[in-house]
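Chemist: here's my sequence, what's the structure:
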Amino acid sequence: MSRIRIFVRKLGLRKIKIGTPVALDVLKASFPPCAGAFMSAVAEDVIKPMLYFLNRTKSFFFVDVYPYFAWASQPLQINLDYALLKPTDFSYTDPKSGLKYTDLLDQMLYAVAFAMPDSGTRSSVSSWWRPAGPTAAMRISSEPMSTTPPPTTVTW
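Modeler: A predicted model of the protein is given here:
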């Protein structure tokens, strides 16, 4: 990513941000969300330097999240409407953080956000909803670690 940034800057394109998506597979734990943790095989050598680069360049960290696949692997344990982001009476409250999740996408995104402090960063989660449906893009911006705890409110 550093080399791509250098090349883009040499072309005079100063406002271009260099980011990268990662699959949710980088997590060794995602349930409950507050137990989110990156796999040790990638945490130190890949994730931590990548988050440092993204923070230093004020760029973005994208996560490919597919709630449907989580549901498909456990259809008896996960409510389909919960996975498809449809309005339902079902919700999940994380026993440690106390956060209440009304859909599986939020739950999965927050597992990533909770994993970030172990990589020396603090995270904020935001998403943009398209009016045509429940497709979401997600950005986690990393900042230097402080005494601030992980997010405690969901503001979509």
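Chemist: from Ser30, how far off is Pro95?
Modeler: With distances taken as Cβ to Cβ, to the nearest Å, Pro95 is found 15 Å from Ser30. All C-beta spots, glycine's among them, are computed from the backbone N, C-alpha and C.
Chemist: Three-state assignment for the residue lying closest to Leu80 once chain neighbours are set aside, please.
Modeler: Spatial nearest neighbour of Leu80, excluding adjacent residues (Cβ to Cβ, 6 or more residues apart in numbering): Trp71 at 6.0 Å. Following DSSP: H, G, I helix; E, B strand; the rest coil, Trp71 is assigned to helix.
Chemist: Trp71 touches Leu104, doesn't it?
Modeler: Yes: counting by Cβ atoms under 8 Å, Leu104 is a contact partner of Trp71 at 6.9 Å.
Chemist: coming back round to it: settle it for me: which of Pro95 and Ser30 has more neighbours?
Modeler: Neighbours were counted for Pro95 and for Ser30 using other Cβ atoms under 10 Å; Ser30 has more, 21 against 10.
Chemist: output the contacting helices and strands for the biggest helix by length in the chain.
Modeler: Ranked by residue count, the top helix of the chain under DSSP state H comes out as helix 104-115. Applying 3 or more Cβ pairs under 8 Å, 6 or more residues apart in numbering; DSSP states H and E, one finds that helix 104-115 makes contact with strand 27-29, strand 37-38, helix 67-73, strand 121-129, strand 136-144.
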